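> Have a look; sequence and predicted model below, questions after that.
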Amino acid sequence: MRLILIVYLVIGVLVAAARNYFERLDNIRGIVSLFIAIVLWPVVVFDIDVRIGRDDDEGGRNFLLPFGFMWSIATARGVALLEAMGRSRD
């Protein structure tokens, strides 16, 4: 289980780096945006910008999904994955 988490986070770091989330770490918004991008990297892969605030000088979709909605999606996926893994062990 730890290996899966480590692989998931490494992929998140790579996706965040590819989408330039490491460029603006000079304030708390940049750091929080980086953390969100790493944890929710599947959302970032679909070109949804999860940066806190707005960067009009960059292309792509510049909007932030509400945190509750993003967290509910991540939690639901995680619970479904854990349940499926538990059933496969039975």
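It's in.

> Against Gly86, how distant is Gly12?
Distance of Gly12 to Gly86, given as Cβ to Cβ, to the nearest Å: 24 Å. The way it works is simple: take the backbone N, C-alpha and C, and place the C-beta from them, glycine included.

> In terms of neighbours, single out the busier of the two.
Of the pair Gly12 and Gly86, Gly12 is the one with more neighbours under other Cβ atoms under 10 Å, namely 22 against 9.

> which is the next helix or strand following the strand or helix carrying that one?
In the assignment (DSSP states H and E), Gly12 maps to helix 2-18. Next helix or strand after helix 2-18 toward the C-terminus (DSSP H and E): helix 28-39.

> And the helix or strand following that following helix, what does it pack against?
Next helix or strand after helix 28-39 toward the C-terminus (DSSP H and E): helix 41-45. Helices and strands touching helix 41-45, by 3 or more Cβ pairs under 8 Å, 6 or more residues apart in numbering; DSSP states H and E, are helix 2-18.

> what sits up against the helix it packs on?
If you take Cβ atoms under 8 Å, 6 or more residues apart in numbering as the criterion, helix 2-18 is touched by Phe22, Leu34, Ala37, Ile38, Val39, Leu40, Trp41, Val44, Val45.

> Neighbour-wise, give me the winner out of these.
Busiest of the contacts of helix 2-18 [other Cβ under 10 Å] is Ala37, holding 24 neighbours.

> Quick check: the gap between that one and Gly86.
Separation of Ala37 from Gly86 (Cβ to Cβ) stands at 29 Å.

> could you point out where the protein is predicted with low confidence?
Scanning the chain for pLDDT under 70 picks out 54-79, 81-82, 87-90.

> buried residues in the helix holding Gly12?
Gly12, Val15, Ala16 (16 or more other Cβ atoms under 10 Å).

> Sort out which one of these lies nearest Asp26 for me.
Ala16 (16.1 Å; Cβ to Cβ).

> Skipping its backbone neighbours, what lies nearest the closest one in space?
Of all residues not flanking Ala16 in the chain, Ala37 sits nearest, at 4.2 Å (Cβ to Cβ, 6 or more residues apart in numbering).
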